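In: when you get a sec, could you give me coordinates for this:
(chains A, B, C and D)
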Protein chains: 4
Amino acid sequence: MPTQRLILIAGGDLRQYYLAQILAQTCTVYTTGLEKCSPAFSGELPPSQISSLPAPDYIILPVPAVSENQILNTPFSSERIPVKTVLACAGEHTVVLGGRMDADLLHMLNEYGLTAADYLKREELAVQNAAVTAEGAVCLAMEELPYTIDRTPVLVIGYGRIGRLLAKKLNALGAIVTVAARSLEARAWAQSEGSKACPIEALESTLPHFPLIFNTAPAEVLSESLLARVRRDCLIIDLASKPGGIDQLCARRLGLKTIWALSLPGKTAPYTAAQIIADTIENIDTERRRAYGAE
Amino acid sequence: MPTQRLILIAGGDLRQYYLAQILAQTCTVYTTGLEKCSPAFSGELPPSQISSLPAPDYIILPVPAVSENQILNTPFSSERIPVKTVLACAGEHTVVLGGRMDADLLHMLNEYGLTAADYLKREELAVQNAAVTAEGAVCLAMEELPYTIDRTPVLVIGYGRIGRLLAKKLNALGAIVTVAARSLEARAWAQSEGSKACPIEALESTLPHFPLIFNTAPAEVLSESLLARVRRDCLIIDLASKPGGIDQLCARRLGLKTIWALSLPGKTAPYTAAQIIADTIENIDTERRRAYGAE
Amino acid sequence: MPTQRLILIAGGDLRQYYLAQILAQTCTVYTTGLEKCSPAFSGELPPSQISSLPAPDYIILPVPAVSENQILNTPFSSERIPVKTVLACAGEHTVVLGGRMDADLLHMLNEYGLTAADYLKREELAVQNAAVTAEGAVCLAMEELPYTIDRTPVLVIGYGRIGRLLAKKLNALGAIVTVAARSLEARAWAQSEGSKACPIEALESTLPHFPLIFNTAPAEVLSESLLARVRRDCLIIDLASKPGGIDQLCARRLGLKTIWALSLPGKTAPYTAAQIIADTIENIDTERRRAYGAE
Amino acid sequence: MPTQRLILIAGGDLRQYYLAQILAQTCTVYTTGLEKCSPAFSGELPPSQISSLPAPDYIILPVPAVSENQILNTPFSSERIPVKTVLACAGEHTVVLGGRMDADLLHMLNEYGLTAADYLKREELAVQNAAVTAEGAVCLAMEELPYTIDRTPVLVIGYGRIGRLLAKKLNALGAIVTVAARSLEARAWAQSEGSKACPIEALESTLPHFPLIFNTAPAEVLSESLLARVRRDCLIIDLASKPGGIDQLCARRLGLKTIWALSLPGKTAPYTAAQIIADTIENIDTERRRAYGAE
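Out: Residues are numbered from 1 along each chain as shown, chains lettered A, B, ... in the order given. Now for the predicted structure:
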């Protein structure tokens, strides 16, 4: 990134804290709303001083960017910072980057005449975050199980980004991996990449073999009738966002141990997650410079 | 596949010969145009006897199905068999399966009122064929090089089906793999799956490091100016079909060793290639039975 | 194991608890000194009832077998059980198996005329325990680091059982592994198995590159002068037993984060550790039957 | 290696030819008995000119060094060169390196007062040669089989250097590997490194499952009674030197396809084999300099 870039990072968790450190290697970086991180970042400013900053090239918001009423998401701050306070320093060319920005926020940015981009929607970030999620999920299973991953039969439901990278890591650690996927193509990939494959419809008969199940499919795959087939000592880790892939109520009733592991990258490897965001911002910046002929 | 299936395999190479043996484990199978394979398949018939067969459930044609004038592609036969001769036994419900069936052939099948399907276009077959191609390509490189794959810097251009599976196998054998790909997403995948990644635009500066280059991209990536940057002792294996990805004339002028390795599955692992076709036919049959409610 | 075997498991931790469950699938098993494990093992007996048991084929003691004064090692019991109490049921053919049995204990067993064997000294158990230790060490690093293992430069000191299996797992997870070892042979193995290798003497110059270091060498390799070369944010995990391989005092003075991870198998994967002991007991039993021609 | 080293390479195959090129990057190198290699090495001398060379630091003989009557092993020369001709240039400090030097040769060198060392006996060379052999063996199987290695059940007999590295490569390529080994320890290693394991005694019942068998054990494991259990279409590759591990006569009688693959490194990857010898010579030189305090 050109070294003259001025960047304001507002709110967020350890990812934003590490992101500030990474970007500060080549840019001028200020932060706000991260004052509880220790040791404090050298460019941390109280919200009241934001308006006196020169217009930054980028304002970087967290994931999700805001909570209700457009208050910045600041788990590492004791202050309640309206996003407007942050935007006070924005200039004509300032670009606002954030993750999961809601309609109200996008509307407000539009009214301010500011360009916005959601870095969570970038494919290269999604793939790399999936790799971090997969490693975090492996770690979670290791912690929870009295078995090793090595030589344990494991079921992975779904073969999208996370399923694929998770299966790879489990195989690499010696697990005996079966991938359950709907399409023939996904199953062909799973088999060509070292796993066994089974159709979702065949789950009923194969489920009892697994002491460890990961779900990565966004729809509810493990319904009541399927959960009834799972071993009592099985650990089920659900990596699907939104509604999740498991009937949680039913799982509890059956006494099954389930973990719904959301947002693993920020929790298990915030530095790597920050590096991925930094690389993505660099990509966004490169594309913008190319598009505008500037260098 | 239901055991009562009657199948006629007409023409083709070792893949069709092995396919006959595999399908004969569960179906009644006849072949024609494979009489030079040894030992002869028990159900081999001269073309003249085809018309007296009962109507088969499937007639399986090779890849490509026909040469010009609709003559069956029969490298293992001394006979010249018009495809019409084969269709003489077809009945109302006969399905004709083939690979790379040209417009004239499809037109003819349509006139006969026959259902046709191109198994080469099935995604699950394409993925598994890519795995066979990748292994064949690795073998080719081992044969040609005075080095081991182990610890050798290798460049893989493209990260589609073949590129991905090839990079996986090369990494597994200890190569130091760099993937050159156009999109940020493809490069993120390559990095998450154990390779280094470089943009196509950066090839010029990295090319001189590689004693072994595989091209899997369908477009011409290695143009004259790039080929000029390649080591004189480099081996270039082009796995791209159709026009290929290398300026062959220029490569020859520069004294570079290039191999254009087409149709590897049938050459290096015909039995596995046959098994993949058998599985795909099974999938086609299952889908048809489901669609028609028949069993 | 012949199903008529009678086994008494006395003392120990979760490994012995799981061991009882595993052996109970084929033998008659009693336990004592495990009453705090939940749910209680069905064959758990108070120490006072041991003397009325028929003579068992095997009495299995934990690791280490006893604390001072020949009191059984019973972290999951509130009772203080002299090992003599356990031996009260021993008969002429009873074999006593234990781990790290001290000279006094061996002397006592000898006086009782009992055959003793240390299962910790069995090579097949040592190898498999090393695999469990390696996986546990990987999990520990994942938990502690804000990075992923994937793409992180890692130094593994030593290439014995644990070093070798640890390097394998780290490589499999995408780490960039360097093995530091004294002998040319060990370094050749490391390189042939996918790692980089460096001589111990070259550590001084390479140490600053690593944010993660595992020591598996039994002697002190990381002395003061070397520790001074380590990155301030480096995590050092010492897997060496006995004196360990790190000058702990010095590391603390330098503010380096070190973890001395002892006895990982029992902590991170007690069920797998129990299965390994069960397999080893089975091997011991098979060898004894062969030696004595009994069946 | 100190750049002032003078080296004479006498006889040998492509390995010695490439060795000359590698060593010539840092030393002064002459060759003799390699005149048929193309393009000719710049320092190639006719045998008649050897005696006028200054005393070299090292004279490097091939593997094996001599044929009967102490004639140099020179497959790439039309001349018959007595080893005495080569030694004519030796001085007091010249060290003679060779592989598989017989008693007569060692006796002669002793009479000349020359220090000799067998580089084939170096552990680091043995390990790295095993890696090359393993890769060559994989390539051989790929060439011969109509199957892919991927997903094929493969038996590896023996878990020494070659067996271990071969099993690793086969597993990496997706094979389903079973290792047959005598000791519990070797089987524990095989299992911990991703293979299944079976005792040699259990071979009789498992042999019929494998279409591909590698023998790496030096003793005859596959005797007549075991060979009778092997599939008719099985490929057996014997990598054991000396007597080999297969009853060849019996295998032929049974119509089994066997390949006795000796000296693979020189055949399949002579450049890598040469690099390994170069590294070993460097190690020998370093040790000698240390021992003599010279630098």
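In: can you pull the residues of chain A lying near chain C?
Out: A:14, A:18, A:131-132, A:135-136, A:138-139, A:142-143, A:145-150, A:169, A:172-173, A:268-272 (C-beta under 8 Å from any C-beta of the partner chain). C-beta: built from backbone N, CA, C; applies to glycine.
In: and these near chain B, which?
Out: A:A131.
In: only whichever of the residues of chain A next to chain C are buried, select them in ChimeraX.
Out: The following ChimeraX line selects those of the residues of chain A next to chain C that are buried, judged by 16 or more other C-beta atoms under 10 Å in any protein chain shown:
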select /A:14,18,131,132,135,136,138,139,142,145,146,147,148,149,150,169,172,173,268,269,270,271,272
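In: for the residue of chain A found nearest chain C, give me the pLDDT.
Out: Nearest to chain C in chain A, going by C-beta to the nearest C-beta, is A:A172, at a distance of 3.3 Å. Looking at A:A172, its pLDDT is 97.
In: show me how far stretch A:35-53 is from its chain's centre.
Out: Stretch A:35-53 sits 25 Å away from the centroid of its parent chain (C-alpha atoms, centre = their mean, to the nearest Å).
In: show me which residues of that stretch are buried.
Out: Buried-residue list, stretch A:35-53, by 16+ other C-beta under 10 Å: A:E35, A:C37, A:F41, A:G43, A:E44, A:L45, A:P47, A:I50, A:L53.
In: from one end of that stretch to the other, what's the distance?
Out: 18 Å (C-alpha to C-alpha, to the nearest Å).
In: what of stretch A:239-246?
Out: 10 Å.
In: what's near enough to touch the residue of chain A closest to chain C?
Out: By C-beta atoms under 8 Å, 6 or more residues apart in numbering or on different chains, A:A172 lies in contact with C:K169, C:A172, C:L173.
In: please redo it, this time with the cut-off set to 10 Å
Out: A:V138, A:I149, A:G194, B:G194, C:K168, C:K169, C:N171, C:A172, C:L173, C:G174, D:G194 (C-beta atoms under 10 Å, 6 or more residues apart in numbering or on different chains).
In: kindly report the same for A:E135.
Out: Contacts for A:E135 (C-beta under 10 Å, 6+ apart) come out as A:165-166, A:169, A:264-265, A:268-269, A:272, C:142, C:147-150, C:173-174.
In: out of those residues, which two sit at the greatest distance?
Out: Greatest spatial distance among those (C-beta to C-beta): A:L166 and C:Y147, at 18.4 Å.
In: helices of chain A, start to end?
Out: In chain A, the segments counted as helices under DSSP state H are A:14-23, A:83-87, A:103-111, A:123-144, A:161-172, A:184-192, A:203-206, A:224-227, A:248-253, A:264-268, A:270-292.
In: how about these, which one is nearest A:A240?
Out: Nearest of the helices of chain A (C-beta to C-beta): helix A:161-172, 8.7 Å.
In: what angle do helix A:184-192 and the closest one make with each other?
Out: 20 degrees (axes from the mean of the first three to the mean of the last three C-alpha atoms, to 10 degrees).
In: flag every residue of chain A that's near chain D.
Out: A:D150, A:R151, A:N171, A:A172, A:L173, A:G174, A:Q191, A:S192, A:E193, A:G194 (C-beta under 10 Å from any C-beta of the partner chain).
In: state the distance from the fourth one to A:I149.
Out: Which is A:A172. 10 Å (C-beta to C-beta, to the nearest Å).
In: great, nothing more from me.
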